[in-house]
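Colleague: Build me a model from this:
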Amino acid sequence: MRARVRLLAAAGLAGFVLVGLGSPALAKSAGPGLFCSAYPASPLCVGTQPACTLCHSVPPERNGFGAAVEAELLPGAPRPLSDADYAQALPGALAAVEGADSDGDGVSNLDEILAGTFPADPSSLPQSDGCDGGGQNPYYDLCSYDARYALKKLRLDVCGYSPSFEEVEEIAALAESEQRARLHQVLDECLDSEFWQGKNGVLWELAHAKIRPVGSLKSGEDAGQLGISDYYDDYHLFVWSQIDDHDVRDLLTADYYVERISDAPTRYQQAQDLPTQLMQRERRAGLMTTNWVMVYNVMFTALPRTAAAQAYRAFLGFDIARLEGLDPVAGEPRDYDDKGVDQPACAVCHATLDPLTYPFRNYNGFSGGQPFRYVDGRIEAFFANEAPTITDIPEAGVVLGQPVADLVEWAQVAADSSEFLIATVRDYWRLLVGGAPAPTDEEFQGLWQRLGDEHAYSVERMLHELIDTEAYGVP
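Modeller: Now for the predicted structure:
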């Protein structure tokens, strides 16, 4: 697991961009580390790094907290500040505004930082859970884990139906240890259900945002009008990676495919090759290199930034369009395809996005006569006349700050990252707990931290831990 991790996009955080003040605005990539060096105990720095939204509305525009920091950051010095001056001055500027209340919610900036809430957002402030004095209603224990409540959620969330009155009465009569054992039996039963694993079941629905199906383009079963690609192959691989203690990293690293071999009961099995998939085995990278990705995210594009942005969003939780996960690479963007991405307004995102995209350079959509395959020299063969330096596009890139030689290595680095674990657990937290986890939530932190080595990248093992959390079982 990588030691340097970013933020929880789930908490509305993005790639932290402190601006060097003045025009043009310059992203200061040292900002997150400086902030977390000043406040290492802040939940914003536990498995995360702060975001542009901490100091900015939309960069370079600053919110109330950012404006307060700006006023203390070497006032009167020429703008933009040098990196060295900025790094030296930022800790003092942050300290100078700790006692202020930038959003007027009655809580100081320092108290909000230490609580993991946002000092520029009056709706984000430390709150009591309402259980200081305990409490019950006639149905559930409102301030403690209630097995009856957890049972009802399990049956509805994972099996798709409510428990019977008799089942609720039965679990209520058990000792606490027996109650927990019964809940885990129910979970095992439900994880094998059609509601969970079957076609258009819960796991299929969870995959929608990653696959982004378009019915009119689908081929094969349930074909649409054009029938270009069968993205059910993508759903099958997604479900396979989530069940039966399989390695969830196969979402990104699988060099195989998965077939659905029966319905009711639904069963899946691995396949080394499929007639509906054309990518060479040594160039496969799970759900990033299927025919559907080549159809929908690459198409006729020389430098398929859409494919890289979707992978970054779907599997690592960072939406670059929302300024999330920005990790600018020195000297980028180079604008090889002459799209104007090196202009200041664009470069703030493309310094991250373009190095993410370079490893896709040889993955072909519809161009030329070799669709949906890795084509060595693809740019030279199909796009050489589009821009003066377009053939200089490298295949090596950068993901999560780590140089990679190609897309297969890109996928491995991403799959082994803390960001992937956070994004995976966040999906299930939203599904089963409801809403995004707060950066202060220790239960959420523990889940993603243990999904790797302790749970051997098994989603089902993680879910057994999730249903024991207070977030799931306390009404």
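Colleague: ok, now how distant is residue 381 from residue 213?
Modeller: Counting by C-beta to C-beta, to the nearest Å, the gap from residue 381 to residue 213 is 30 Å. (C-beta placed from N, C-alpha, C; glycine too.)
Colleague: Kindly report the same for residue 263.
Modeller: 18 Å.
Colleague: So for the two, which sits in the more crowded spot?
Modeller: The neighbour count for residue 263 versus residue 213, taken as other C-beta atoms under 10 Å, is higher for residue 213 (18 against 10).
Colleague: Report the contact partners of the residue found closest to that one once you drop the neighbours it is linked to in the chain.
Modeller: Leaving out its chain neighbours, the residue that sits closest to residue 213 by C-beta to C-beta, 6 or more residues apart in numbering is residue 231, at 5.3 Å. Listed by C-beta atoms under 8 Å, 6 or more residues apart in numbering, the contact set of residue 231 reads 211, 213, 218, 290, 292.
Colleague: what number of residues lie near residue 253?
Modeller: Neighbours of residue 253 under the rule other C-beta under 10 Å: 18.
Colleague: And it, what's its pLDDT?
Modeller: Per-residue pLDDT puts residue 253 at 98.
Colleague: quick one, strands of the stretch 201-350 of the chain?
Modeller: Ranges of strands in the stretch 201-350 of the chain, per DSSP state E, counting those that start in this stretch, are 257-262, 267-271.
Colleague: Which among these is found nearest to residue 237?
Modeller: Each of these was scored for nearness to residue 237 using C-beta to C-beta, and the closest is strand 257-262 (4.6 Å).
Colleague: can you state the direction angle for the closest one and strand 267-271?
Modeller: Calculated by axes from the mean of the first three to the mean of the last three C-alpha atoms, to 10 degrees, strand 257-262 forms an angle of 150 degrees with strand 267-271.
Colleague: ok, residue 65 touching residue 108?
Modeller: No. Using C-beta atoms under 8 Å, residue 65 makes no contact with residue 108, being 11.3 Å away.
Colleague: Let me see the contact set for the closest residue to residue 249 other than its chain neighbours.
Modeller: Nearest residue to residue 249 in three dimensions, chain neighbours excluded: residue 415, at 3.8 Å (C-beta to C-beta, 6+ apart). Shown in contact with residue 415 (C-beta under 8 Å, 6+ apart): 249, 251-253, 315.
Colleague: Now the longest helix along the chain: average pLDDT?
Modeller: The helix spanning the most residues in the chain, taking DSSP state H as the definition, is helix 176-191. Averaged across helix 176-191, the pLDDT comes to 97.
Colleague: Next, the buried residues of that helix.
Modeller: By neighbour count with 16 or more other C-beta atoms under 10 Å, helix 176-191 contains the buried residues 179-180, 182-183, 186-187, 190-191.
Colleague: now it: how far from the chain's centre is it?
Modeller: Here the centre of helix 176-191 is set off from its chain's centre by 29 Å, with C-alpha atoms, centre = their mean, to the nearest Å.
Colleague: could you turn it into PDB, dropping everything but the C-alphas?
Modeller: The C-alpha coordinates for helix 176-191 follow below in PDB (Å, rounded to 0.1, in the frame of the first residue of the first chain):
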ATOM      1  CA  GLU A 176     -25.600 -10.500  21.600                       C
ATOM      2  CA  SER A 177     -22.900 -12.800  20.300                       C
ATOM      3  CA  GLU A 178     -25.500 -15.100  18.800                       C
ATOM      4  CA  GLN A 179     -27.200 -12.100  17.200                       C
ATOM      5  CA  ARG A 180     -24.000 -11.200  15.400                       C
ATOM      6  CA  ALA A 181     -23.400 -14.700  14.300                       C
ATOM      7  CA  ARG A 182     -27.000 -14.900  12.900                       C
ATOM      8  CA  LEU A 183     -26.500 -11.600  11.000                       C
ATOM      9  CA  HIS A 184     -23.400 -12.900   9.300                       C
ATOM     10  CA  GLN A 185     -25.200 -16.100   8.300                       C
ATOM     11  CA  VAL A 186     -27.900 -13.900   6.700                       C
ATOM     12  CA  LEU A 187     -25.300 -11.900   4.900                       C
ATOM     13  CA  ASP A 188     -23.700 -15.000   3.500                       C
ATOM     14  CA  GLU A 189     -27.100 -16.100   2.300                       C
ATOM     15  CA  CYS A 190     -27.900 -12.800   0.700                       C
ATOM     16  CA  LEU A 191     -24.500 -12.400  -1.000                       C
END
